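sequence and predicted structure, then a few things I'm wondering about:
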Amino acid sequence: MALNSTAYVILGLLDGSQRTGYEIKQIVDRSTRFFWTASYGQIYPELGRLEAAGLVEGTERSQGERKRKEYRLTPAGRQELQAWLRLAPEVLETRDEALLKLFFAGSLPDAAPKALEHKRRLHAEKLARLREIEPAVAEHATPYQYATLRFGIALSEFCVRWCEEALEELPGDGEPSNRTKRRTA
């Protein structure tokens, strides 16, 4: 069975812990979503596929009237996770709508500053959130998780600066951009 990235997110989050689909989503929202997201619509079907493949095992648990299924990694699931971790990463993909809009902004130049300002604001908010959780991650997470957080902080700092610089370089009021001025000087 070929696994997708969501499956590996799930296997990784179940390594050493039993969790419900809801708990997996909550952890994703506090951790991997900063660089790899997964929705409920991806998590629950994937849990079913992983269970059918024998990589996770689910146990029904009741909390009051609500039934929950708690999953744990099987030995085969741990082997699959470890085999995946040994492979070189294959995907280096950035999906950034602001950059896509900037790329095509020649069709509507006044859209570019809006896209860049929005991108700058989102990265500044992400940076603030990452810095907020940094003390707890530094204290409680693995060195690998902390290294990942530090990457997110550095990338967000870069993106905020880059957006500010790009906004300054955009042409305005029929004037050539600073980049165009530099090229012709």
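Structure received. Every value quoted in this text rests on a predicted model; they were computed, and no experiment measured them.

pLDDT score for the residue nearest the centre of the chain?
In the chain, the residue lying closest to the centroid (CA atoms, centre = their mean) is residue 35, at 2.2 Å. Note for residue 35: predicted pLDDT of 82.

what's the answer for residue 177, then?
pLDDT for residue 177: 51.

what's the burial count for the closest residue to the residue nearest to the centre of the chain other than its chain neighbours?
Spatially, and ignoring its direct neighbours in sequence, residue 35 is nearest to residue 152 (6.5 Å; CB to CB, 6 or more residues apart in numbering). Backbone N, C-alpha and C define where each C-beta goes, glycine included. Applying other CB atoms under 10 Å, we find 19 residues neighbouring residue 152.

which residues does residue 152 contact?
Applying CB atoms under 8 Å, 6 or more residues apart in numbering to residue 152 gives the contacts 34, 35, 126, 130.

one step back: the residue nearest to the centre of the chain contacts residue 145, doesn't it?
No: at 11.6 Å, residue 35 does not count as touching residue 145 under the criterion of CB atoms under 8 Å.

domain boundaries for the protein, per the record?
The chain breaks down by automatic domain parsing into domains covering 5-86, 97-184.

can you tell me which of those domains the model trusts least?
domain 97-184 - the lowest mean pLDDT of the domains of the chain, at a mean of 86.

any chance you could map the helices in this protein?
5-14, 21-30, 40-52, 75-86, 97-103, 111-140, 143-169, 178-184 (DSSP state H).

pick the most deeply packed of those helices.
With neighbours taken as mean count of other CB atoms under 10 Å, those reach their highest mean count in helix 5-14, at a mean of 21.

between that helix and helix 21-30, how many degrees?
Calculated by axes from the mean of the first three to the mean of the last three CA atoms, to 10 degrees, helix 5-14 forms an angle of 100 degrees with helix 21-30.

now do the contacts for the spatially closest residue to residue 9 that is not a sequence neighbour.
Residue nearest to residue 9 in three dimensions, not counting chain neighbours: residue 38, with 5.3 Å by CB to CB, 6+ apart. Taking CB under 8 Å, 6+ apart as the criterion, residue 38 is in contact with 6, 9, 10, 24, 25, 28, 32.

isn't the last one up against residue 9?
In other words, residue 32. Yes: the pair residue 32 and residue 9 qualifies as a contact (CB under 8 Å) at a distance of 6.0 Å.
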